[in-house]
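Novice: 3D, please:
(chains A and B)
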2 protein chains.
Amino acid sequence: MNSVTPKILPATPSATNPPLLIGDLLDSGVRMAGDNQIVYRDLSRHDYRRFRERVHQLAHLLSAQGVKAGDVVAVLDWDSHRYLEAFFAIPMIGAVLHTVNVRLAPEQIHYTMEHAEDDFVLVHEDFVALLEPLADKLPRIRGYLLCQDAPSSVVSSLNLAGEYEALLAEQPRHYDFPTFDENAVATLFYTTGTTGNPKGVFFTHRQLVLHTLAEASTFQTPGFELLNRDKVYMPITPMFHVHAWGVPYTATLMGATQVYPGRYEPEMLVKLLVGEKVDFSHCVPTLLNMVVGADAIASGKVDLSGWKVLVGGSPLTQPLCRKAWELGIDTRSAYGMSETCPLLTADILPRDIDQADFEAQLPWRCKAGVAVPLVSLEVVDEDGNPLPQDGESIGEVRVRAPWLTQSYYKEETRSEELWRDGWLHTGDVAALDERGFLQIRDRIKDVIKTGGEWVSSLDLENLIGQYPGISEVAVIGVADEQWGERPAALVVASDLNHPPESQQVKAFLQQFVDQGKINRWAIPSFIRFVDEIPKTSVGKLDKKRIRQEV
Amino acid sequence: MNSVTPKILPATPSATNPPLLIGDLLDSGVRMAGDNQIVYRDLSRHDYRRFRERVHQLAHLLSAQGVKAGDVVAVLDWDSHRYLEAFFAIPMIGAVLHTVNVRLAPEQIHYTMEHAEDDFVLVHEDFVALLEPLADKLPRIRGYLLCQDAPSSVVSSLNLAGEYEALLAEQPRHYDFPTFDENAVATLFYTTGTTGNPKGVFFTHRQLVLHTLAEASTFQTPGFELLNRDKVYMPITPMFHVHAWGVPYTATLMGATQVYPGRYEPEMLVKLLVGEKVDFSHCVPTLLNMVVGADAIASGKVDLSGWKVLVGGSPLTQPLCRKAWELGIDTRSAYGMSETCPLLTADILPRDIDQADFEAQLPWRCKAGVAVPLVSLEVVDEDGNPLPQDGESIGEVRVRAPWLTQSYYKEETRSEELWRDGWLHTGDVAALDERGFLQIRDRIKDVIKTGGEWVSSLDLENLIGQYPGISEVAVIGVADEQWGERPAALVVASDLNHPPESQQVKAFLQQFVDQGKINRWAIPSFIRFVDEIPKTSVGKLDKKRIRQEV
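Specialist: Coordinates of the predicted model:
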């Protein structure tokens, strides 16, 4: 990369060059669709104009509680209209929104809240009991704001400032928001790896605005077309998980109707999906699998046809994609991670594929897709050399984009490891095809090295998952003196009382060996039927625990 | 606006935070639609992959000619695939693209090229004779690259380096583009006011990337829906005029098919519109008026139904919008100016209006619309106080956005005048309605002050234009001892040999006085029928010349 001196011209003294701030996203939605609604369960709804007013009121409420720019404000809530307001009001006053992963163990929650240096907390009443024993160990926290769905008196040892709705109602409806450096931190949250403490990742106003603009353009592109002003959106990825993939910001920029389901309860989710005519959601494959397997849906009693679902977190498998399609559910894939805000790629179908039938689309729908605008993505070998785009050469995915976390918060060594060579290393192993479509094959640490060759645990999981009567599968590598490692599979049968024979599954896999699709060492040494496969707090296969249990 | 100290966290030393550079827009289009075409007249076509290669080749060609970062490269060409390549290659090497307005008088062209400090020139053979007498007076220019549609030898006193296509073909197909500060100037061009020399406005890489992202999201929004990956785009606003409203960048980001018509010749335009199945164009009202008035189109012999046209530069009138609609042409409005990159507002129809019939949409289609994402727009009184959004209170439009020129190039006084109080003053008088829709009523300097009241010359033009048999109208203020000013109208009859009676037109206007829509002083003192109304180089009514002629 050569160094050059381009022309930079001065601004006239009075000129204003506004920084990219999250508040800009809010105004756009109100202008384009002031009448559209923000819905919370079957409990409340209001339009965008009122939403904006409530953001201004929340800013007043926080200021009245002594929250100021530079403070860190933690939120422990289910997906709600309140959380959406916090997405805006907290960063807009210059404070940092810490979205606490409420699914972590209490000691991990304590760790993240201490490490983040939280100053103030918004807490849903469901989590009060969780925080009470931690409060003494978090002396920095100056106060707690209680979030309730219905007013009721709560007796707690926490220093509760009052209830969200009651205090909000008292606030003025216009807040004079400051402007400040677009590189100020807006959000902070923790990602759990398989080893060590959770790692904090953070995003600036600039990064979130750019991510939102790129996502808005991508989500409206033909061949993808998930969301626009006239659609109804409901997340089924928690808002504490990478800002629900940034979609609440994007939906707000567009002015789309937004439905927040609170705690994920199957009955409420279905009631909202049907009753609010939800057009678009996003979730991990595990959750989609639960939905399509639910009796009411599988039987056709509840009709979800027309629902579009963006799947990420783990690759979408062809069997799941097809099962959803048969129920009228239109699934697409995207790829990203906590460190990347998250959007990196989206499977925007090329025009010819978009016009083809479902069977032709199926493999494309399960790829991660092409890099979205402003993302540079490479698949490289162990020396950092880009691999050919032939759909077969697999290597690590590394990326650059204007919205990647610039370090793990207060973790120098791990930060340098993430960013070595000036590229963010995803730790994912993938192939790029001729059209630039990315297909994730595995996590680097989950790749199985057997007989001197790499075998993708994901590829094996996909193949085994095609065998009838299997609902879930996890493949790991187990040490083997002769081969280095050998694959092993844990399988959940669709009917737990009548699992298939593991010899039959191996025979099924032998076909793929005969067809040259996998090599013969890839057939697992053993296939064990279990009732349940360990998952992480975000619903991914927890291979660390699986390895311990095998 | 209060001042606050938000949290800014350091990046790990190895982290990369890429600047916003124009090159990012090019890669996105190739990834999403590598097969889509760039078409030039009936002369050439190639796909996006080849387009990208040609941009790399042009960068090599310019470098071989000694062009380097910080240099200014002027282009004098009709709208072409070459111009599109210059939109990318010149800024991507860190040089500044000066888009020369070839419609200006030679002495003005000389002024702009000298003032811009052009170092190198791309010149279409049609403009060689224009430049030859200027070359001695532009000693800074080191060389000229000739652009031809068909190879032929040109004898010229200019220091011609060779022909574009011939030299391009010799270049390597990959250029290692530098990265640099996103605040580097990418483009520079001149806007002609009614007084004084043309003024230079310039835009940075950052500004153009942000403008493109906002335009891409806006153009795909329901209620607007002008352009996406699967549409065919052809500009009918010259590329030297505010980067053809930035649409070539937006179309490239999306990967849309792009058709460049060269010199605007009616026969070629129609051939391309029909033959290439153009979905979307943009132009000034004057040009649309010519199109809908053309015999072949008005008679229905040429079918343009389904064509979407974005109208800007001057407000779209209801008669023109209706006339177009009757021919199947779907028009929308947007608002901006040279100083604003240009996009500020777009008439994204609210959902209820979007679903209504044409007659209900008509007034909305002729408004300028709502501010697009990241734009702050106010209508203020003479003291800078925002006016009520009642659709009636009129005042000056002032704006902030991350893509406004930060000064007039080397014009300190005019720059401060433009940016006084930290807002860019548009010089346009407008009203905002309850929904935040902007309606431009006049230029501040064209407002007529009569009997102590402001009368909008545009409003009068719209009313007079509704009288049957009138094809064009211009209203100006003429000095009047009793009233201060009084309106006067120049009118072109549809049938020049049989103009309406001016008394009948006045009687027609009296109705609106009776209905309370205009006051009685607004009826022009005289209505004069003429064969032609003076226009500026970009097709707007030239009120300065009109005033001189009246």
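Novice: Make sure A:A371 is actually in contact with A:L344.
Specialist: Yes: counting by C-beta atoms under 8 Å, A:L344 is a contact partner of A:A371 at 6.5 Å. C-beta: built from backbone N, CA, C; applies to glycine.
Novice: any common contacting residues for those two?
Specialist: A:377, A:399 (C-beta atoms under 8 Å, 6 or more residues apart in numbering or on different chains).
Novice: Looking at the two, which one has more neighbours?
Specialist: Using other C-beta atoms under 10 Å in any protein chain shown as the criterion, A:A371 and A:L344 rank with A:L344 on top: 28 against 25.
Novice: gap between that one and A:E453?
Specialist: From A:L344 across to A:E453, the span is 28 Å (C-beta to C-beta, to the nearest Å).
Novice: which ones are touching the residue most central in space within chain A?
Specialist: What sits nearest the mean C-alpha location of chain A, by C-alpha atoms, centre = their mean, is A:W245, with 4.4 Å. Counting by C-beta under 8 Å, 6+ apart, A:W245 makes contact with A:235, A:237, A:282, A:310, A:312, A:334, A:336, A:342-343.
Novice: 10 Å instead, please
Specialist: Contact analysis of A:W245 by C-beta atoms under 10 Å, 6 or more residues apart in numbering or on different chains lists A:211, A:215, A:235, A:237, A:239, A:282-283, A:310, A:312-313, A:334, A:336, A:341-343.
Novice: May I ask which of the residues you listed comes out lowest in pLDDT?
Specialist: Here the lowest pLDDT out of those sits on A:G313, with 89.
Novice: so what's it closest to, chain neighbours aside?
Specialist: Distances taken as C-beta to C-beta, 6 or more residues apart in numbering or on different chains place A:V284 nearest to A:G313, at 3.8 Å, with adjacent residues excluded.
Novice: ok, that neighbour touching A:P235?
Specialist: No: judged on C-beta atoms under 10 Å, A:V284 makes no contact with A:P235 at a distance of 11.7 Å.
Novice: For chain A, name the helix or strand with the lowest mean pLDDT.
Specialist: Ranked by mean pLDDT, DSSP states H and E, the weakest helix or strand in chain A is strand A:453-455, scoring a mean of 75.
Novice: Give me the distance between the next helix or strand after that strand and the centre of its chain.
Specialist: The helix or strand immediately downstream of strand A:453-455 is helix A:457-465, counting by DSSP states H and E. Distance, stretch centre to chain centre, for helix A:457-465: 22 Å (C-alpha atoms, centre = their mean, to the nearest Å).
Novice: repeat for stretch A:62-76
Specialist: Offset of stretch A:62-76 from its chain centre (C-alpha atoms, centre = their mean): 25 Å.
Novice: rewinding a little: closest to chain B among the contacts of A:W245?
Specialist: A:E215 (9.3 Å; C-beta to the nearest C-beta).
Novice: domains of chain A?
Specialist: A:22-203, A:205-373, A:447-549 (automatic domain parsing).
Novice: Need the distance between the two termini of the shortest one.
Specialist: The reference is to domain A:447-549. By C-alpha to C-alpha, to the nearest Å, the extent of domain A:447-549 from end to end equals 18 Å.
Novice: Same check on the longest one?
Specialist: Across its full length, domain A:22-203 reaches 11 Å between end residues, using C-alpha to C-alpha.
Novice: related to what we said a few turns ago, now intersect the contacts of A:W245 with the strands, please.
Specialist: A:282-283, A:310, A:334, A:336, A:343 (DSSP state E).
Novice: Tell me which two in those residues are the farthest apart.
Specialist: The largest separation in these, counting by C-beta to C-beta, is between A:C283 and A:L343 at 15.3 Å.
Novice: Of these two, which one has the most company?
Specialist: Neighbour count, other C-beta under 10 Å: between A:C283 and A:L343, A:L343 has more, with 27 against 23.
Novice: wait, what's in contact with the more buried one?
Specialist: A:211-212, A:214-215, A:218-219, A:242, A:245-247, A:250, A:312, A:334-336, A:371-373, A:375, A:401, A:403.
Novice: Mind doing that once more with 7 Å?
Specialist: A:L343 sits next to A:211, A:214-215, A:245-246, A:334, A:336, A:372 when contact means C-beta atoms under 7 Å, 6 or more residues apart in numbering or on different chains.
Novice: Same check on A:K323?
Specialist: Listed by C-beta under 7 Å, 6+ apart, the contact set of A:K323 reads A:V292.
Novice: is it true that it lies in a helix?
Specialist: Yes: assessed with DSSP: H, G, I helix; E, B strand; the rest coil, A:K323 lies in a helix.
Novice: Can you check the pLDDT for it?
Specialist: 95.
Novice: Quickly note the distance from it to chain B.
Specialist: Per C-beta to the nearest C-beta, to the nearest Å, A:K323 is found 28 Å from chain B.
Novice: any idea how far that residue is from B:E125?
Specialist: 63 Å.
Novice: cool, and A:P319?
Specialist: A:P319 is 62 Å from B:E125, where distance means C-beta to C-beta.
Novice: Repeat that for A:G313.
Specialist: Plainly put, A:G313 is 58 Å away from B:E125 if you go by C-beta to C-beta.
Novice: start to end distance for stretch A:380-399?
Specialist: Stretch A:380-399 has an end-to-end distance of 10 Å (criterion: C-alpha to C-alpha).
Novice: Next, the buried residues of that stretch.
Specialist: Residues of stretch A:380-399 classed as buried by neighbour count (16 or more other C-beta atoms under 10 Å in any protein chain shown): A:380, A:387, A:389, A:394-399.
Novice: Out of the contacts of A:L343, which comes closest to A:D442?
Specialist: A:G336 (16.6 Å).
Novice: Now the closest one. Nearest residue, chain neighbours left out?
Specialist: Counting by C-beta to C-beta, 6+ apart, A:P342 is the residue found nearest to A:G336 once chain neighbours are left out, at 3.0 Å.
Novice: List the contacts of that neighbour.
Specialist: Shown in contact with A:P342 (C-beta under 7 Å, 6+ apart): A:242, A:245, A:336.
Novice: ok, what's across the strand from the last one?
Specialist: Right, the one you point to is A:G336. A:L343 (DSSP bridges).
Novice: what's the burial count for it?
Specialist: 26.
Novice: likewise the first one?
Specialist: Residues lying near A:V242 (other C-beta under 10 Å) number 27.
Novice: so what pLDDT did it get?
Specialist: Model confidence at A:V242, given as pLDDT, is 97.
Novice: what about it, distance to chain B?
Specialist: 18 Å.
Novice: re earlier: and the contacts of A:L343, which of them are in helices?
Specialist: A:211, A:214-215, A:245 (DSSP state H).
Novice: Need the max-distance pair from these.
Specialist: Greatest spacing in the ones in helices among the contacts of A:L343, by C-beta to C-beta: A:A214 and A:W245 (12.5 Å).
Novice: how close does the nearest residue in space to A:Q466 that is not next to it in sequence get to B:G469?
Specialist: Nearest residue to A:Q466, sequence neighbours excluded (C-beta to C-beta, 6+ apart): A:P319, at 5.8 Å. According to C-beta to C-beta, A:P319 and B:G469 sit 70 Å apart.
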